[in-house]
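In: let me see the structure of the following:
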Amino acid sequence: MRLKILAFFRNFYVATSVLFVLWLLLFDTNDLLSQWKLYFKVKEAQAQEKYFIRKKKEVEKNRRELNSDDKLLEKFAREKYLMKKNKEEIFVIVEKAKK
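Out: Below is the predicted model:
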């Protein structure tokens, strides 16, 4: 049985094929480990792409709402940029962090 296996690997084509496959799996610049790492980088990039598409849609929705509703735009300007009407005073209260 062992002689049959050794005879099989002594065949030039089989030995060449085995060496070629080992070369591709272990020593080539596109070896199995590199392909595995690249696969996970692609998956991570696809997840980031989905996240940013979701965020873009959310920002576009908020922008449309701000452009269509004057009261919402005024509220946004007052909260975000501390804008005020004439003859109005704004008091900003900053709470200290509890230890």
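
In: so the most centrally placed residue in the chain is in which element?
Out: In the chain, the residue lying closest to the centroid (CA atoms, centre = their mean) is residue 48, at 2.6 Å. Element membership for residue 48 (DSSP states H and E) is helix 32-68.

In: so how far is that helix from its chain's centroid?
Out: Centroid separation for helix 32-68 versus its chain: 6 Å, with CA atoms, centre = their mean, to the nearest Å.

In: got the angle between the helix or strand following that helix and helix 32-68?
Out: As assigned by DSSP H and E, the chain's next helix or strand after helix 32-68 is helix 70-81. Computed by axes from the mean of the first three to the mean of the last three CA atoms, to 10 degrees, the angle separating helix 70-81 from helix 32-68 equals 120 degrees.

In: tell me what helix 70-81 is packed against?
Out: helix 32-68 (3 or more CB pairs under 8 Å, 6 or more residues apart in numbering; DSSP states H and E). No exception for glycine: its C-beta is placed from N, CA and C like everyone else's.
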